[in-house]
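Colleague: Got a predicted structure plus its sequence, pasted below:
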Amino acid sequence: MNIRSLKSLRVWFVAALALVVLAACATGPRVRTDYDPGANFAQYRTWGWYSPIAMEQSGYSSWISERIKANVQREMEARGYRYDAKSPDLKVNFQAVVQERSDVYSMPRSDIAWLYSYRARSYVAVPFWYDETTVSRYTEGTLTVDLVDAARNRMVWTGDAIGRVVRRNPEQRAADIDASVIAIFAKYPYSAGSGQPLPLPGR
C-alpha cells in the first residue's frame, strides 16, 4: 500500500469515526449555524453537489458519504429545491472531523488532619478544605453541511452537528447520521424561492 493510499484510508477512517456521534442521547447532537446576511435566499430554487465534496477528496465515496447525500437530498427536496446537476443555484458540500477534547471539573472537598498538640499532649483533629480536580478526556465529532452560492462560489449558510464519539454498531451509526443531518436542516429557515425565513422550532 503506497503513501497516497494510506492517506486516503486515514481520511476515510477519520470521517467515519467523526460520524459515530452521540445522537442517541436525549437531546441529540448540538447544532450551531451561521449565514451570509447579504445573501438573497429568494433567488435559490435549484441545488446540486459541490465538487469535490470535502469528505470525498480521497477520490471515492463510502457508505457514510452516500448516506449523508441521501439525507441531504431528502431535506432539500422537502424544502422545494429541485436537483440540477449541471447549473444549480446552490451547491451542497459536507465534511466530518474529529477532535480530542477535555473537560476539567473542580469539586470542593473536606478532610481531617491529625496534628499533635503540645498543649493538649495528644493528637487533635483539624479540618481542612480543598478542591479536587478531575479531567475528563473524550473525542468530539462534527458533521458540517455548507450551502454555497454557485454563481459567486460563496458560502451562504453552514450548519454543524456536534457530539461525543462512541463505539456503535452499523445500524446505530446509520441512525446517528440520519439524526445529525435532520438536526442541521431543522435550523435552516428557508425554502425554495423564498427569502422570508420561517420560524424555527424552539424559537
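Modeller: It's in. Numbers count the residues shown, from 1 in each chain.

Colleague: How about residues contacting the helix or strand harbouring residue 70?
Modeller: Using DSSP states H and E, residue 70 sits within helix 63-78. With CB atoms under 8 Å, 6 or more residues apart in numbering as the contact definition, helix 63-78 has outside contacts at 15-16, 19, 47, 49, 53, 55-56, 83, 92, 94, 96, 143, 145, 173-174, 177-178, 181-182, 185, 188. The C-beta positions use only the backbone N, C-alpha and C, and glycine is treated the same way.

Colleague: Could I get the buried residue list for it?
Modeller: Buried residues in helix 63-78, counted by 16 or more other CB atoms under 10 Å: 64, 65, 67, 68, 69, 71, 72, 75, 76.

Colleague: Likewise for stretch 94-109?
Modeller: For stretch 94-109, by 16+ other CB under 10 Å, it's 94, 95, 96, 97, 98.

Colleague: Would you confirm that residue 194 contacts residue 42?
Modeller: Yes. Contact criterion CB atoms under 8 Å: residue 194 and residue 42 qualify, at 6.0 Å.

Colleague: Give me the more crowded residue out of those two.
Modeller: Taking neighbours as other CB atoms under 10 Å, residue 194 and residue 42 compare with residue 194 leading, 15 against 12.

Colleague: In a strand, the more buried one, correct?
Modeller: No. Counting by DSSP: H, G, I helix; E, B strand; the rest coil, residue 194 falls outside a strand, being coil.

Colleague: ok, it - contacts?
Modeller: Applying CB under 8 Å, 6+ apart, the residues near residue 194 are 41, 42.
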